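> Give me the fold of what follows.
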Amino acid sequence: MSRNDKTAPYVESFEEISKTLPGAWLADTRSNAIRQFEAEGFPTPRTEAWKYTNLNRLTRAGFNIAGISGVSGASEWSELVIDGADTIVIVNGSYDASASKKGAVPIGVSIAPLSEAIERKEPSLEGRLTKIAPTHGAPLVALNTAFMREGVVLKLGDDIKLEQPIQVIHFVEASDTRLSVHPRTLLVAGENSSATFIETFVGSAGSVYWTNAVTEIEVGCGASILHVKRQAESLEGFHTALTQAKLDRNARYHSVSLTTGASISRNEVRVSFNGEGAEALMAGGTLLRGRQHADNTTQIEHTVPHTSSNQIFRNVLDGAAHSVFQGGVMVRQDAQKTDSSQSNHNILLSSGAQADTKPELQIFADDVKCAHGATVGDLDETALFYLQSRGIPARRAKALLIEAFIAEISDALSTGAVRDHVVDAVSAWMEDLG
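Residues are numbered from 1 along each chain as shown. Coordinates of the predicted model:
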């Protein structure tokens, strides 16, 4: 199948529905994006950044673009709602107002579904939406830009400290047709503001669908954003996502992600530093079994002095599962006094599991402190023997070691409902531990 054969259905769909997409002022942006996707095609392993992830299973499946859909029952996602959070629910790519729960927000905070914000052409969109995450060299971002219909726009004014978390639940129920949804999120944090933002992706069991998400984040001077992502898609589904964050002076961006779902998934995070004193902490993990494939790819670009980044990724693989970690750090010539580290550790629970790890540093400055490390191995047999010798059953001993190994990604979270949201994902995966 040629590149054109793979892209043609999406180009044809765009020509059919483009006039139904929100925001007439985005028409040229959308048209340029679909032309770029058509020209570049789906990424392949021939591209270095996609060397370990092959999307052939996704491209062969064939998907329809989700239009405006009705609401769905909440039984399959209601247990994932975080207590005390303002919740925005998006079902099959459409905002579900009846299922969403938004309380009173402080003056200076704006939370709106993307479609509504686009139609109103809110001032916060201009210069940011589709600008933070460029489409050049990123065909899946271009595809999202062409088809983006729903998502969330969150804007925090200066000095706003948002106490309650904001959770966005993306739920897909595609029992009758193979849907693709392209959610877009924009988060703008003003100076000295702070918030906790959670993205939860889940799908109906047995549904075959594709979520292609883009999240754009701008963190202002002295602002702090905690960004949590739980990816628990249907095991027959596909998930590709890019998060692109820009950090201003003394900004702090803390990302925590956990992947347990999807047949094939790729979670890409890119961070750029635009001001001194900024800090990025990224922690992620995957728990996989069967023939699942999960790719965590990061790119941290230090362009100014006195910035820091730390990446911690942990993977646990069973069956014939395959994990990928590509951790890129670029330290530009002017980025003196950069402090950057990254680590990726992997546990293989079966002989058929595979982990590819590629931590990478490119340093063009003289006065920096940078480090990276990676390991792949089995569970510690000595530790297993010790626990069992103390009367702990073999299955429970195995679970304890896995929980301790993966816990580092949630340890930095304060106790409470948000941390429980991540820990519960680990517990749910453990229920089927062999």
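> Pop the domain breakdown of the chain in here.
3-275, 381-434 (automatic domain parsing).
> For G151, list each beta-bridge partner.
Taking DSSP bridges, one obtains R184 as the residues bridged to G151.
> show me what contacts it?
90, 113-114, 168, 183-186 (C-beta atoms under 8 Å, 6 or more residues apart in numbering). Heads up, the C-betas are built off the backbone N, CA and C, glycines and all.
> Just give me the closest of those to T196.
Nearest to T196 out of the contacts of G151 is V168 (C-beta to C-beta; 12.0 Å).
> what are the pairing partners of the helix or strand hosting that closest one, and which direction each?
For V168, the host element (DSSP states H and E) is strand 166-172. Taking DSSP bridges as the criterion, strand 166-172 sits next to strand 86-91 (parallel), strand 194-203 (parallel) in its sheet.
> now the helix or strand following it, how far from the centre of its chain.
Following strand 166-172 in sequence order, the next helix or strand is strand 179-181 (DSSP H and E). Centre-to-centre, strand 179-181 and its host chain are 17 Å apart (C-alpha atoms, centre = their mean, to the nearest Å).
> for stretch 403-422, same thing?
17 Å.
> Could you check it and say which residues are buried?
For stretch 403-422, the neighbour count (16 or more other C-beta atoms under 10 Å) marks 405-406, 409-410, 413, 417-419, 421-422 as buried.
> same check, this time on stretch 6-25
6-7, 10, 13-14, 21-23.
> So which of these sit within helices?
6-7, 10, 13-14 (DSSP state H).
> I'd like those residues laid out as a markdown table, including distance to E150 and pLDDT.
Below are those laid out as a markdown table (distance: C-beta to C-beta, whole Å; pLDDT from 0 to 100):
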| residue | distance to E150 | pLDDT |
| --- | --- | --- |
| K6 | 25 | 90 |
| T7 | 23 | 93 |
| Y10 | 18 | 95 |
| S13 | 16 | 94 |
| F14 | 16 | 95 |
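> want to try CSV for those, with distance to I300 as columns?
Listed next are those as CSV, based on distance: C-beta to C-beta, whole Å:
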residue, distance to I300
K6, 31
T7, 31
Y10, 31
S13, 35
F14, 33
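> those helices in the stretch 1-150 of the chain, which residues are they?
Taking DSSP state H, counting those that start in this stretch, the helices of the stretch 1-150 of the chain run over residues 3-17, 27-40, 56-61, 114-120, 139-147.
> By mean pLDDT, show me the worst of those.
Ranked by mean pLDDT, these end with helix 3-17 at the bottom, a mean of 88.
> tell me what that one is packed against?
The elements that helix 3-17 packs onto, with contact taken as 3 or more C-beta pairs under 8 Å, 6 or more residues apart in numbering; DSSP states H and E, are helix 27-40, strand 64-65, helix 139-147.
> where's the nearest residue to A241 once chain neighbours are set aside, which helix or strand?
Excluding its sequence neighbours, the residue lying closest to A241 (C-beta to C-beta, 6 or more residues apart in numbering) is A213, at 4.2 Å. Element membership of A213, judged by DSSP H and E, is strand 209-219.
> re earlier: out of the contacts of G151, which is nearest to T29?
Checking these one by one against T29 (C-beta to C-beta), the nearest turns out to be R184, at 11.7 Å.
> these two touch, right, that closest one and A146?
No - shown here, R184 and A146 do not form a contact pair, counting by C-beta atoms under 8 Å, at 10.8 Å.
> follow-up on the earlier one: which ChimeraX command selects the buried ones in the contacts of G151?
Command for ChimeraX, covering only those of those found buried under the criterion 16+ other C-beta under 10 Å:
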select :90,113,114,168,183,184,185,186
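> Pipe the contacts of G151 into TSV and attach distance to P43 per row.
Shown next, in TSV, are those (distance: C-beta to C-beta, whole Å):
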residue	distance to P43
I90	25
P113	29
L114	25
V168	26
P183	19
R184	19
T185	21
L186	24
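> Just the pLDDT for the residue nearest to A241.
Model confidence at A213, given as pLDDT, is 98.
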